[in-house]
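Undergrad: Give me coordinates for this.
(chains A and B)
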Amino acid sequence: MNNMFNNTVQDHTFSILVENEPGVLARVIGLLSGRGYNIDSLTVAEVDDEVGLSKITIVSSGTQMVLEQIRAQLERLVPVRTVSDLTVDGPSVERELALIKVAGEGDFRVESLRIADIFRAHVVDSTNNSFVFEIVGSTDKLDAFIELMKPLGLVDLSRTGVVAIARGPESI
Amino acid sequence: MSSNRITGGEIILKALADQGVEVVFGYPGGVTLPLYNDLHKQNSLRHILVGHEQGGVHAAEGYARSTGKTGVAMATSGPGATNTVTGLVDALMDSIPIVCLTGQVTSALIGNDAFQEADTTGITRPATKHNYLVKSTDDLAYILHEAFYIASHGRPGPVLVDIPKDIIMGYGDYVGPEGIAPRNYKPQINGDRDLIEAAVDLVASAERPIIYAGGGVINSGPEASALLQKLVKMTGFPCTTTLMALGAYPTTDKQFIGMPGMHGTYEANLAMHDCDVMFNIGARFDDRVTGNTAAFSPNSQKIHVDIDPSSINKNITVDLAIIADATSFLTDFITVWNEKQPKVNHSAVEDWWKIIETWRSVECLNFEQDKDEVIKPQYALSRLSEILSGTDYYITTDVGQHQMWAAQYIQFDEPNRWMTSGGLGTMGYGVPSAMGVQVAHPDSSVVCVTSEGSVMMNVQELLTISKERLPVKILNLNNKVLGMIRQWQELFYENNESQCDLSNGPDFIKLAESMGFTAFSCTKAEDVDASIKEMLETDGPVFLNMATDRMENVFPMIPSGAAHNDIVLHPDQKPVTVDSKDKVTA
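TA: Presented below is the predicted three-dimensional model:
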């Protein structure tokens, strides 16, 4: 229990399986904001249309005590089926997707393509003076790519936020 | 269309009947008119027309708290629904099972800023344990039964069901409550056996133990209180109960050392601070109990039993956490204790009792009432308690000084006899909750201890009480000031009495009489007994307006953010110091 006294702030990724019913996202978000917890990233989509389940992935930060509370408070919500703190429950995979628009001509255009190749980003839209790149990877990788694109004419950016899943054969 | 399809209004009434609901506290409005038309055609369900929807929810709380059943309130859309919010949050904070039905504008109008439209489920999402917006009359019965399940299972709380007018008027199939339970909501009732064994070992090893019981013991049902008493007797340990748990252990017993916290007793707070094992059953380490969490009971190992996992390690980090319902846990704990027959360190515990007795000898709740002086509120309430003693009585309070004095001076030997707004601290709770209690217990004495600030906050319910011929007794401790505000201003804000004066209050006798009460005043200490007896013996609702000392402060007091051992006594009392576990100096 001594870890409870640990006041360092950590990032944790929560995977939350919920009933896909009206207002469920508002319940989850309202709980976090109402109790003063951070939401660094949030994704949500239906994952089972037969049973009607959605998966919400939230990256939050806080002390050990706060992170324990987040899990316990989420588990208290009636439409929440399972909460997994992927950061502590075992190894997991995290991915994020971004669409990045870079406008420019000449050398800038060539350079942006070259860097995109290094990062294994794909061109999903192209005009004479712009590209839209699609890149998938860890948040760090996306951050690095975006930093490199800024001086090359980055004009617009959409990110999905983190989705994550536990490694191994078990379901949530 | 099968012939057994009935209207949404009829479904609501049938579902309430199948849930064993005897009474609903409600107020009609535009969108609930069809429901009230169905209500008018039947005689089995009692509807009490309240004066204000907040009063309706508090009345349902009083009903629920005093019976253990789920209380039901009903309101219309928009302002009706928003008026319930304070009551809902009150029930959420104090874990009171409530089902609140609200009307909503017709489905097609939702989102159009229609007349009397409000986003009720949005507004009440953080005010309830769960809420619903009904989308089809066929879903209505199921949702209502699920609402009752959620309100009363696990840690109880308020559940709101928002029902659009077209759903009430539409036709649907009825289903009964059998087998209806939410798919995911499965509170853990039984504690883990290994943890219970560990708890037995830890409790038995204690030299300076304290049993600290909370509202969870009351919520678990009267059996939990009986088991708590068994536990306390079996161990011989001191017991403190929180504001929400008064009555879970008889306050007149010598193993009861008073309430802990800001206005708890000297002995309870120092025992909490100096104990070596704290055994928390169904309490939530509220900040009014812990004071400064960094200095809270620094040398103890803490066991925390709670049905709600989110209560664990929320305010105070504990050494042993057990998720369980209080009745189940106490049954298992006593069984394991009897199996193990653990050796208690009796001599150490005896020494601990000597220390506690030394603290108790301070008599921190002592007061002096000069017969010629103005009435001390402490005197009035200890006389009330004495006069009620041995009778069948329930007490409700409002919020402030009078609430703390009531908690300190009125004795309770049974659970469910004490109704107070603990978590939210809602002024205006006392009168309507007394109404709810009296509805549930028509032949018992129900006394609302209130004061001239709080009573005005739901004063309209006096009329509901007399209209319903409920013999509620109101004891208004009238000190012509917002007493707790004045006390804090005196102690912490340079004695600046900012906006707390109520000396221009109403003529309470005329007010209460106009609302159908018998009303009289008491201004002299020598008349206190006679006036309380007259209040209790007069038939029907009675309002006793008692003039009390404006300058009296509630002591003991742990200033906000201070530690238990910083407890401040009444200026006439002297603290004692305890040097070590076997040497005591006064």
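
Undergrad: got the residue ranges for the strands in chain A?
TA: Here chain A has its strands, by DSSP state E, at A:10-19, A:41-48, A:53-62, A:80-85, A:92-103, A:122-127, A:130-137, A:154-159, A:163-166.

Undergrad: close enough to count as contact, residue A:158 and residue A:132?
TA: No. Residue A:158 is beyond contact range of residue A:132, at 9.5 Å (criterion: Cβ atoms under 8 Å). For glycine as for every other residue, the C-beta is placed from the backbone atoms N, C-alpha and C.

Undergrad: Would you mind splitting chain A into its domains for me?
TA: A:2-85, A:93-165 (automatic domain parsing).

Undergrad: now these as a markdown table including mean pLDDT?
TA: Below are the domains of chain A laid out as a markdown table (pLDDT from 0 to 100):
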| stretch | mean pLDDT |
| --- | --- |
| domain A:2-85 | 93 |
| domain A:93-165 | 97 |
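
Undergrad: And the ones you listed: which comes nearest chain B?
TA: domain A:2-85 (3.7 Å; Cβ to the nearest Cβ).

Undergrad: can the closest one be found next to chain B?
TA: Yes. Judged by Cβ under 8 Å from any Cβ of the partner chain, domain A:2-85 comes into contact with chain B at A:4-5, A:19, A:22-23, A:26-27, A:30-31, A:34, A:65, A:68-69, A:72-73, A:75-81.

Undergrad: ok and the residue in chain B nearest chain A?
TA: residue B:310 (3.7 Å).

Undergrad: Skipping adjacent residues, who's closest to that residue in space?
TA: Nearest residue to residue B:310, sequence neighbours excluded (Cβ to Cβ, 6 or more residues apart in numbering or on different chains): residue A:72, at 3.7 Å.

Undergrad: Quick one: name the residues of the stretch 51-200 of chain B near chain A.
TA: Counting by Cβ under 8 Å from any Cβ, the stretch 51-200 of chain B sits next to chain A at B:121-122, B:125-126, B:129-130, B:133, B:135, B:150, B:182-185.

Undergrad: and those, which are buried?
TA: For those, a neighbour count by 16 or more other Cβ atoms under 10 Å in any protein chain shown gives the buried set as B:121, B:125, B:126, B:129, B:130, B:133, B:150, B:185.

Undergrad: Just send the residues of the stretch 51-200 of chain B next to chain A back as CSV, with secondary structure and pLDDT too.
TA: Shown next, in CSV, are those (DSSP: H, G, I helix; E, B strand; the rest coil; pLDDT from 0 to 100):
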residue, secondary structure, pLDDT
B:121, helix, 97
B:122, helix, 97
B:125, helix, 97
B:126, helix, 96
B:129, coil, 98
B:130, strand, 97
B:133, strand, 98
B:135, coil, 97
B:150, helix, 98
B:182, coil, 91
B:183, coil, 89
B:184, coil, 89
B:185, coil, 92
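
Undergrad: quick check, nearest of those to residue B:105?
TA: Within those, proximity to residue B:105 (Cβ to Cβ) peaks at residue B:133, which comes in at 11.3 Å.

Undergrad: Quick check: that closest one touching residue B:143?
TA: No. The pair residue B:133 / residue B:143 is not scored as a contact, 9.4 Å apart, by Cβ under 8 Å.

Undergrad: In a helix, residue B:140, correct?
TA: Yes. Counting by DSSP: H, G, I helix; E, B strand; the rest coil, one finds residue B:140 located in a helix.

Undergrad: I'd like to know how many residues surround it.
TA: 27 (other Cβ atoms under 10 Å in any protein chain shown).

Undergrad: Residue numbers of the stretch 401-550 of chain B in contact with chain A?
TA: Residues of the stretch 401-550 of chain B lying near chain A (Cβ under 8 Å from any Cβ): none found.

Undergrad: residues of stretch B:474-494 that come out buried?
TA: B:474-489.

Undergrad: Of the residues you listed, which belong to strands?
TA: Those of these lying in strands (DSSP E): B:474, B:475, B:476, B:477, B:478.

Undergrad: what's the nearest residue to the third one if we skip its chain neighbours?
TA: So the one you mean is residue B:476. residue B:545 (4.9 Å).

Undergrad: can you dump the C-alpha coordinates of the helix or strand hosting the one you found into PDB?
TA: For residue B:545, the host element (DSSP states H and E) is strand B:542-547. Taking Å, rounded to 0.1, in the frame of the first residue of the first chain, the C-alpha atoms of strand B:542-547 are listed here in PDB:
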ATOM      1  CA  VAL B 542     -47.200  21.500  16.500                       C
ATOM      2  CA  PHE B 543     -44.600  24.300  16.000                       C
ATOM      3  CA  LEU B 544     -42.700  25.100  19.200                       C
ATOM      4  CA  ASN B 545     -40.700  28.400  18.700                       C
ATOM      5  CA  MET B 546     -38.000  28.300  21.400                       C
ATOM      6  CA  ALA B 547     -35.900  31.400  22.000                       C
END
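
Undergrad: Figure out how far it is from the centre of its chain.
TA: 23 Å (Cα atoms, centre = their mean, to the nearest Å).

Undergrad: Quick one: list the elements packing against it.
TA: In terms of contacts (3 or more Cβ pairs under 8 Å, 6 or more residues apart in numbering or on different chains; DSSP states H and E), strand B:542-547 is packed against strand B:473-478, helix B:508-514, strand B:518-522, helix B:528-537.
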